[in-house]
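*Asks:* 3D model of this:
(chains A and B)
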There are 2 protein chains.
Amino acid sequence: MNSNNLPIGIFDSGIGGLTVLKEIINRLPSERTIYLGDTARVPYGSRSPETVTRYSFENSRFLFSRGIKLLVIACNTASSVSLERVRRSVSVPVIGVIQPGARAAAAATRNKKVGVIGTDATVRTNAYSSAIRSIDSSIEVFSLACPLFVPLVEEGWTEGAVAELTAETYLRDIRREGIDTLVLGCTHYPLLKGVLSKIMGPGVRLIDSAIETAATIRAALEEQSLLRDVQGDGTGESNREFYVTDSPEKFIDVGERFLGSSISFIKKIELESEV
Amino acid sequence: MNSNNLPIGIFDSGIGGLTVLKEIINRLPSERTIYLGDTARVPYGSRSPETVTRYSFENSRFLFSRGIKLLVIACNTASSVSLERVRRSVSVPVIGVIQPGARAAAAATRNKKVGVIGTDATVRTNAYSSAIRSIDSSIEVFSLACPLFVPLVEEGWTEGAVAELTAETYLRDIRREGIDTLVLGCTHYPLLKGVLSKIMGPGVRLIDSAIETAATIRAALEEQSLLRDVQGDGTGESNREFYVTDSPEKFIDVGERFLGSSISFIKKIELESEV
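*Replies:* Predicted structure coming up:
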């Protein structure tokens, strides 16, 4: 089988990675996709690095068992702690969400002051900070964990008083640093863009990792001549497969809001444990 | 070995059950305790009933392997979906957090209007509502899921503007029903008592399941002559063992705030999977 016609495999701890899938569909509408949401073990943000790495390998193994031509780790926590190890163990391109966001932030900042917000685990790894500073070591990076943003988004409270007050409370200190660029270092955060830009003001550019990651995926497929051969007939929902490890109903409910389109093929699976 | 000297086994999805442990220590200071927090798989509140039941059995099996005289399911979600099945499969008393809270609410209400707040999963099972109405079918029960309360408590934002605004948003409708009693149907919620009583006003009695559960445990041990023989020398921290399935550091950090005392013996374990 021509590997160009194989799907792109994407995994995330839950529904957050759907913001990445949405941008992949925007940019590469003919591509087939397989999305795995590890909803039985979400959230990864509060787990230890060893545990998250084990989960990443289990998720990757499932996607490879279905046949994929490129793997996307659409989860900041998993990208920051396990990308390199997963990449070394497989033969297809592996793309995470950290590098694309870091590149875009380094290109965007004028005053060399960049803020990064994410989960506890992502911030603790310093992955964005290292990636940004390895591009331009003169950039100062201010990182901040905002653990309440994910549950806020999952509850659907992406605007209104609670979201604004929560954002204001978290971002108070980072605003004082005078950053001109803010990386949304968690795949849930694009849904809070309205609130975040209101709180940060017009002088701060928001970097949406989902958009940057989709652009990187397109470039990687082009470079390796892996774009799908067909045009036009691959755009339907039949080319979108979804797998979850728990509660498909809830995934559909919240997920369709993330994706902005309907989820038709979805199946609950059991992952094979490594242990 | 005299089973009176065996510890009480307690499990929860994470740290929430420590509010129950705290009340057990208050009422039964001489008892030894073993607490298991399934921090690798928290939160249970958004998982399916089958998954939560499987986790409950795996947690129980670990505690029984250590030798216990009584099992406490200190998690509302696990109590509401799996208590009966666990109880049928073991030979020691099994106590959950639903029945004690339901009994206290039925006894407290004057106007026969009771509110219950909890996680998605707990509310969906209708466990409190059924338990309260099987005691007194003339009581009207108004149930409400408040998914943001758990992350708020874990973030330590148990007072202040965000907590108050979140509580006000969730509780608006339930206040209009004119309830005189509100069951805190999640083990995290006792830490929000200040905010909740401010929002609900002095006319509404808050029922803390942790306190009620500890009283039920005491009664069960007395009734079955299972109280520990020693007096006085069992009160030290050496009689408190803690096990977690991930991130002991985070458990200690947040847990000591829940417990109001220090956690000295703690160990990370791998649970044996049923599958």
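*Asks:* ok now the helix ranked longest in chain A, how far from the chain's centre?
*Replies:* Assignment by DSSP state H gives helix A:49-66 as the longest helix of chain A. Counting by Cα atoms, centre = their mean, to the nearest Å, helix A:49-66 is centred 16 Å from the centre of its parent chain.
*Asks:* got it, and stretch A:38-57?
*Replies:* From the chain centre to the centre of stretch A:38-57 is a distance of 14 Å (Cα atoms, centre = their mean).
*Asks:* pLDDT on it, on average?
*Replies:* Averaging pLDDT along stretch A:38-57 gives 90.
*Asks:* any idea how far apart the tips of it sit?
*Replies:* 12 Å (Cα to Cα, to the nearest Å).
*Asks:* what about stretch A:173-189, average pLDDT?
*Replies:* 96.
*Asks:* what residues are up against the residue nearest to residue A:20 when sequence neighbours are not counted?
*Replies:* Distance criterion Cβ to Cβ, 6 or more residues apart in numbering or on different chains; nearest residue to residue A:20, sequence neighbours excluded, is residue A:74 at 4.0 Å. Every residue, glycine included, has its C-beta placed from N, CA and C. Shown in contact with residue A:74 (Cβ atoms under 8 Å, 6 or more residues apart in numbering or on different chains): A:10-12, A:16-17, A:20-21, A:97, A:187, A:210, A:213.
*Asks:* and the gap between residue A:251 and chain B?
*Replies:* 10 Å (Cβ to the nearest Cβ, to the nearest Å).
*Asks:* and for the closest residue to that residue other than its chain neighbours, the neighbour number?
*Replies:* Nearest non-adjacent residue to residue A:251, counting by Cβ to Cβ, 6+ apart: residue A:244, 4.9 Å away. Using other Cβ atoms under 10 Å in any protein chain shown, residue A:244 is surrounded by 24 other residues.
*Asks:* cool, residue A:273 as well?
*Replies:* For residue A:273, the neighbour count with other Cβ under 10 Å is 9.
*Asks:* state the phi and psi torsions of residue A:48.
*Replies:* Main-chain torsions, residue A:48, degrees, to the nearest 10: phi -80, psi 160.
*Asks:* for the residue nearest to residue A:251, grab phi and psi.
*Replies:* Per-residue torsions, residue A:244: phi -130, psi 160 (degrees, to the nearest 10).
*Asks:* go ahead and confirm it touches residue A:268.
*Replies:* Yes. With contact defined as Cβ atoms under 8 Å, residue A:244 reaches residue A:268; the gap is 5.7 Å.
*Asks:* hang on, residue A:157 is in a helix, isn't it?
*Replies:* No. Counting by DSSP: H, G, I helix; E, B strand; the rest coil, residue A:157 is not found in a helix; it is coil.
*Asks:* show me what contacts the residue of the stretch 101-250 of chain A found nearest chain B?
*Replies:* In the stretch 101-250 of chain A, the residue found nearest to chain B is residue A:151; the distance is 4.3 Å by Cβ to the nearest Cβ. Residues near residue A:151 by Cβ under 8 Å, 6+ apart: B:147-148, B:150-151.
*Asks:* gap between it and residue B:63?
*Replies:* Distance, residue A:151 to residue B:63, using Cβ to Cβ, to the nearest Å: 29 Å.
*Asks:* can you give me the helices for chain A?
*Replies:* Remark: helices assigned in chain A by DSSP H are A:18-27, A:49-66, A:76-89, A:98-108, A:120-125, A:127-135, A:149-155, A:161-176, A:193-200, A:209-223, A:248-259.
*Asks:* which of those helices comes out lowest on mean pLDDT?
*Replies:* helix A:120-125 (a mean of 88).
*Asks:* buried set for the longest helix of chain A?
*Replies:* Residues A:51-60, A:62-63 are the ones in helix A:49-66 that count as buried (16 or more other Cβ atoms under 10 Å in any protein chain shown).
*Asks:* who in the stretch 151-275 of chain A is up against chain B?
*Replies:* For the stretch 151-275 of chain A, the residues in contact with chain B (Cβ under 8 Å from any Cβ of the partner chain) are A:151-152, A:154-155, A:157, A:161-162, A:165-166, A:169, A:246-247, A:250, A:270, A:273, A:275.
*Asks:* do I have it right that residue A:204 meets residue A:184?
*Replies:* No. Between residue A:204 and residue A:184 there is no contact, the gap being 11.5 Å when judged by Cβ under 8 Å.
*Asks:* who has more neighbours, these two?
*Replies:* residue A:184 (26 against 19).
*Asks:* what sits against the more buried one?
*Replies:* Counted by Cβ under 8 Å, 6+ apart, residue A:184 has contacts A:101, A:117, A:190, A:192-193, A:196, A:206-209.
*Asks:* one more time with 6 Å, if that's ok
*Replies:* A:190, A:208 (Cβ atoms under 6 Å, 6 or more residues apart in numbering or on different chains).
*Asks:* between the residues of the stretch 151-275 of chain A next to chain B, which has the most around it?
*Replies:* Neighbour counts for those, by other Cβ under 10 Å, peak at residue A:166, which reaches 27 neighbours.
*Asks:* that one touches residue B:162, doesn't it?
*Replies:* Yes. The pair residue A:166 / residue B:162 is scored as a contact, 5.3 Å apart, by Cβ atoms under 6 Å.
*Asks:* quick check, nearest of the buried residues of helix A:49-66 to chain B?
*Replies:* Of all the buried residues of helix A:49-66, chain B sits closest to residue A:51, with 5.4 Å by Cβ to the nearest Cβ.
*Asks:* isn't the closest one right up against residue B:246?
*Replies:* Yes. Here residue A:51 reaches residue B:246: they are 5.4 Å apart, a contact under Cβ under 6 Å.
*Asks:* one step back: for residue B:141, find the nearest of the helices of chain A.
*Replies:* Comparison of the helices of chain A against residue B:141 by Cβ to Cβ identifies helix A:149-155 as nearest, at 22.9 Å.
*Asks:* from the chain's centre, how far out does the closest one sit?
*Replies:* In terms of Cα atoms, centre = their mean, the centre of helix A:149-155 is set 15 Å apart from its chain centre.
*Asks:* look up how far chain B lies from the closest residue to residue A:127 other than its chain neighbours.
*Replies:* What sits nearest to residue A:127 in space, not counting adjacent residues and going by Cβ to Cβ, 6+ apart, is residue A:80, at 3.4 Å. Residue A:80 is 16 Å from chain B, where distance means Cβ to the nearest Cβ.
*Asks:* quick one, what contacts residue A:80?
*Replies:* Contacts here follow Cβ under 6 Å, 6+ apart; on that basis residue A:80 touches A:98, A:122, A:125, A:127.
*Asks:* distance of it from residue A:131?
*Replies:* 9 Å.
*Asks:* common neighbours of those two, please.
*Replies:* Counting by Cβ under 6 Å, 6+ apart, the contacts common to residue A:80 and residue A:131 are residue A:98.
*Asks:* just the closest of the contacts of residue A:74 to residue A:39, please.
*Replies:* Proximity of these to residue A:39 (Cβ to Cβ) peaks at residue A:12, which lies at 9.5 Å.
*Asks:* next, count neighbours for the closest one.
*Replies:* Neighbour tally, residue A:12, other Cβ under 10 Å: 30.
*Asks:* next one: residue A:5
*Replies:* Count around residue A:5 with other Cβ under 10 Å applied: 15.
*Asks:* so for chain A, the centremost residue is which one?
*Replies:* In chain A, the centroid-proximal residue (Cα atoms, centre = their mean) is residue A:74; its distance is 3.6 Å.
*Asks:* need phi/psi at that one.
*Replies:* Torsion angles, degrees, to the nearest 10, at residue A:74: phi -90, psi 40.
*Asks:* quick check: it vs residue A:169, distance?
*Replies:* According to Cβ to Cβ, residue A:74 and residue A:169 sit 28 Å apart.
*Asks:* repeat that for residue A:80.
*Replies:* Separation of residue A:80 from residue A:169 (Cβ to Cβ) stands at 24 Å.
*Asks:* how is chain A divided into domains?
*Replies:* With domains defined by automatic domain parsing, chain A comprises A:3-96+A:211-268, A:99-210.
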